[in-house]
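Novice: Predicted model follows, preceded by the sequence.
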Amino acid sequence: MLPRLKVPAYVMLVLVIPLVLVSAAAVAHRDGPTPTPFPGSATDTILRGRYLVMSHACADCHGGFNNPANKGWMAGETGPEMAFLIGPCLVTPGAQPCFHTHPRNLTPDNETGLGRFTERQIFNALRYGVRPEDTPDVTITSTTPGEGNFPLHPHYLAPPMPWPSWRYMPDADLWAIAAYLKRGLKPVHNLVTESEGPPDFWANTYKDQLNIGPNPPAPFPTANEVGGGDH
Ligand code: HEC
């Protein structure tokens with residue numbers, strides 16, 4: 001049996017985000033994705049995607065840890081020890097609300113994995129946090145609900161899926177990850193339990209830019225950073 005996940009600090013930050021909306025800050029607009037493939041052959045793209053998946057700890061949650069040869073690699077939750085508790089119950093047992101969320105099967109199985117979705121839907125999941133199953137296969141050009149193909153009532157991916165961090169990756173890298181998941185993995189049939197969540201599918205949690213940070217980010221250098229590195 002694999003050891004219980006060690007949840008990285010940045011994930012803990014996501015986990016303790018209160019489920020209440022503290023401010024309805026304006027959501028920054030962002031240019032939509034243009035399919036910019038990773039330069040090189042299809043194999044180069046898939047290998048780039050594999051490297052990105054391995055270096056971003058995707059499999060710590062989605063199965064297989066650091067070795068693509070491991071059983072269950074990216075096949076999603078295979079036991080209760082892989083599920084997450086989200087909400088105040090994480091700190092105080094029994095406190096409400098308390099949601100169980102479940103890392104999904106990312107292999108290209110048609111029934112239980114990403115086989116049903118296009119690479120663009122996977123791209124949109126990583127860039128915008130929208131769940132592929134409930135988001136049309138379209139190019140999204142805005143992060144404002146109802147504009148630029150961004151769903152009016154987005155069904156966001158449940159925490160602790162770290163899309164608020166992954167969305168800063170360049171387009172070509174996100175396309176490479178999508179290519180690896182769809183074309184570089186063998187399908188594994190593994191039906192993962194649906195994640196629980198609030199009725200707004202985490203919209204209040206995620207539309208607060210104070211929680212997830214604007215994209216594009218604040219110009220460099222902010223008050224915490226030092227410019228002039230060339231001197
Ligand atoms: C800290 C744990 C964690 C990490 C790390 C993580 N994920 Fe996830 N991921 C989840 C959870 C939990 C869900 C389920 C969300 C839901 O049910 O709404 C999910 C869902 C997804 C989905 C949506 C699948 C579907 O069928 O709806 C995709 C795509 C995805 N993750 C890709 C990735 C990729 C690619 C990486 C690495 C770059 C990654 N994840 C890293 C926890 C994680």
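Specialist: Looks like it arrived, so ask away. In this text, all values refer to a predicted model and were calculated from it rather than measured experimentally.

Novice: Enumerate every residue touching the spatially most central residue of the chain.
Specialist: In the chain, the residue lying closest to the centroid (C-alpha atoms, centre = their mean) is residue 163, at 3.2 Å. If a contact means C-beta atoms under 8 Å, 6 or more residues apart in numbering, then residue 163 has 125, 126, 127, 128, 129, 157 as its contacts. No exception for glycine: its C-beta is placed from N, CA and C like everyone else's.

Novice: Could you do residue 53 as well?
Specialist: Applying C-beta under 8 Å, 6+ apart to residue 53 gives the contacts 59, 74, 177, 180, 181.

Novice: switch to 7 Å and redo it
Specialist: For residue 53, the contact set (C-beta atoms under 7 Å, 6 or more residues apart in numbering) comprises 59, 177, 180.

Novice: The residues you listed in strands, which ones?
Specialist: Residues of these located in strands (DSSP state E): none.

Novice: Out of these, grab the one that's most surrounded.
Specialist: residue 177 (29 neighbours; other C-beta atoms under 10 Å).

Novice: count of neighbours near the nearest residue in space to it that is not next to it in sequence?
Specialist: Counting by C-beta to C-beta, 6 or more residues apart in numbering, residue 177 lies nearest to residue 49, which is 4.6 Å off, once chain neighbours are set aside. Counted with other C-beta under 10 Å, residues neighbouring residue 49 total 24.

Novice: Report the buried residues of the strand or helix carrying residue 49.
Specialist: Element membership for residue 49, per DSSP states H and E: helix 42-55. For helix 42-55, the neighbour count (16 or more other C-beta atoms under 10 Å) marks 45, 46, 47, 48, 49, 50, 52, 53, 54 as buried.

Novice: Repeat that for stretch 60-79.
Specialist: 60-65, 72-78.

Novice: so what's residue 8 scoring on pLDDT?
Specialist: We have a pLDDT of 43 for residue 8.
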